[in-house]
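> Got a sequence here, can you model it:
(chains A and B)
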Amino acid sequence: MDLTAFADALQQSGISEWMRASLKALPIIEAIHVMAVATVFGTIFIVDLRLLGYRDMTRPFSRVFGETLRWTWAGFALAVVTGALLFMPNARTYVANTAFALKMLGLVGAGINMAVFEFTTLRRVASWDSNAQTPMGARIAGATSILIWTWVIVCGRWIGFTKGYDFTVPKEMDLDFDFSQGCLNCFSDLWLG
Amino acid sequence: MLEFAQWLEMTPLSVTIKSIEWIIPLVQSIHILTIAIVFVSLLMVSLRVVGWIRMDEAFGVVMERFSTWISRGLIILAVTGITLVLGEPIRELMSLSFWLKMGLLAIGITSAVVFKRSLAPAVLADGAEPTFSPVAKSAAMATVLLWLTIIFLGRAIAYDVEVWGALSLSPRA
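Okay, here's the model as predicted:
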């Protein structure tokens, strides 16, 4: 199954139908997505500043990391669920959207950055946990993380300013990416016939 | 209000912001990044009040660590927020979510200032551990919900008709 067919299947699913038909579902889920994303970025930022040796230097890194990251994961789980719900009703336009692709690329990058850090610098955490100066690997991971998550948020916001699709639309193709217009159309269809 | 928003839309500053198409997305991104930092800073102080995190650190140190980020962040939020209102006055000012957000923001900022002032000088200066009543702990968690609602309403501004239906202030309603 190729990506377009997969996107079509998602877009035609019951949840997608419900999301498109409901006037309020998408805005509410989108607003919850922003709440979740804010939690993710804000908590990761605390860990990154500690990695950079800029804040919380009187506390061991492992403690800052352990205490903060559970909130990051809670926020991230909520962001994934709400993000998937936002994606599904317009899956076909999202898979063809450059800003969306760049955001996903950022998320993959964030995962790689985290994995590299965990398998290298974090393995030796005992040797630098309470040091005033963090090792180079930690500083690189912290700076990279801030840059990547900023990128993810900027791309996420950028999606809303694109027309949704980055290709010439065949005439018969229905692209209801303009969400507020789509909602108003849906509303008028329901109530005005 | 509609007349005021329409007048604002015609001012040279508003016209300039609208005419340069990358300004609004960029300023919105900065606004979101900053609210993430401000919200989580408030979350961390609230969790410390409840006693869930940073109990190895003096309360005054935790306040010191996060309150600078909160106050400076709020200044950036005000500047970017005003820019966004100037850029899209009708969308912002003719939105129920916007005015609810402003109301909750006033409550949120006031409660944060009152809280900081209520701390004994010894807490901030000498590292004394304050005692928080169950009411104070509940209030701390309530402020977390308050700020989450502020973030929610911020995003809901764009969808005033969809979220609020007949209650919406939007000319589209």
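
> so where's chain B shaky on pLDDT?
Scanning chain B with the threshold set as pLDDT under 70 gives B:173.

> tell me the SS of the residue in chain A positioned nearest to chain B?
Using CB to the nearest CB, the single residue of chain A nearest to chain B is A:Gly42, 2.6 Å away. C-betas here are computed from N, CA, C, even on glycine. Put simply, A:Gly42 is helix when judged by DSSP: H, G, I helix; E, B strand; the rest coil.

> host element of the residue of chain B found nearest chain A?
Residue nearest to chain A within chain B (CB to the nearest CB): B:Val40, separated by 2.6 Å. Per DSSP states H and E: B:Val40 is located in helix B:23-50.

> May I see the buried residues of that helix?
Judged by neighbour count using 16 or more other CB atoms under 10 Å in any protein chain shown, the buried positions of helix B:23-50 are B:23-50.

> what residues are up against the residue of chain B most remote from its centre?
No residue in chain B sits farther from the centre than B:Asp126, which is 30.3 Å out by CA atoms, centre = their mean. Counting by CB atoms under 8 Å, 6 or more residues apart in numbering or on different chains, B:Asp126 touches B:Gly60.

> Tell me where chain B has strands.
For chain B, strands defined by DSSP state E do not occur.

> So which residues on it come close to chain A?
Within chain B, the positions adjacent to chain A are B:24-26, B:28-29, B:32-33, B:35-41, B:43-44, B:53-54, B:56-57, B:61, B:65, B:148, B:151-156, B:158-159, B:161-163, B:165, B:172 by CB under 8 Å from any CB of the partner chain.

> how about a cut-off of 7 Å?
With CB under 7 Å from any CB of the partner chain as the criterion, chain B comes near chain A at residues B:25, B:28-29, B:32-33, B:35-37, B:39-40, B:53, B:57, B:65, B:148, B:151-152, B:155-156, B:159, B:162-163.

> can you list the residues of chain A near chain B?
Within chain A, the positions near chain B by CB under 7 Å from any CB are A:23-24, A:27-28, A:30-32, A:34-35, A:38-39, A:41-43, A:45-46, A:55-56, A:59, A:67, A:150, A:153-154, A:157-158, A:161, A:180, A:183.

> Recalculate using a threshold of 8 Å.
Residues of chain A lying close to chain B (CB under 8 Å from any CB) are A:23-24, A:26-28, A:30-35, A:37-43, A:45-46, A:55-56, A:58-59, A:63, A:67-68, A:71, A:150, A:153-154, A:157-158, A:160-161, A:179-180, A:183-184.

> Now, of those, which are buried?
Among the residues of chain A next to chain B, those classed as buried by 16+ other CB under 10 Å are A:23, A:26-28, A:30-35, A:37-43, A:45-46, A:55-56, A:59, A:63, A:67-68, A:71, A:150, A:153-154, A:157-158, A:179, A:183.

> among the residues you listed, which are in helices?
Among these, the ones falling in helices (DSSP state H) are A:26-28, A:30-35, A:37-43, A:45-46, A:63, A:67-68, A:71, A:150, A:153-154, A:157-158, A:179, A:183.

> from what I can see A:Arg50 touches A:Ser62, true?
No - the criterion here is CB atoms under 8 Å, and A:Arg50 misses it with A:Ser62 at 10.1 Å.

> what about those two, which has more around it?
A:Arg50 (22 against 13; other CB atoms under 10 Å in any protein chain shown).

> Could you check which helix or strand contains that one?
With DSSP H and E as criterion, A:Arg50 is part of helix A:25-51.

> Please apply the same query to A:Phe65.
For A:Phe65, the element it lies in under DSSP H and E is helix A:61-87.

> Only the C-alpha atoms, please, for the helix or strand following that helix, written as PDB.
Using DSSP H and E, the helix or strand that follows helix A:61-87 towards the C-terminus is helix A:91-94. Presented in PDB, the C-alpha positions along helix A:91-94 are these (Å, rounded to 0.1, in the frame of the first residue of the first chain):
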ATOM      1  CA  ALA A  91      -4.600  13.000   5.400                       C
ATOM      2  CA  ARG A  92      -4.300  13.300   1.600                       C
ATOM      3  CA  THR A  93      -3.500  17.000   1.700                       C
ATOM      4  CA  TYR A  94      -1.000  16.600   4.600                       C
END
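
> My guess is B:Glu64 contacts B:Val123. True?
No - using CB under 8 Å, B:Glu64 makes no contact with B:Val123, being 10.6 Å away.

> Same drill for these two, tell me which one is more crowded.
B:Val123 (17 against 12).

> who's in contact with that one?
The neighbourhood of B:Val123, defined by CB under 8 Å, 6+ apart, consists of B:Phe59, B:Gly60, B:Met63, B:Glu129, B:Pro130.

> I am finished for the moment; much appreciated.
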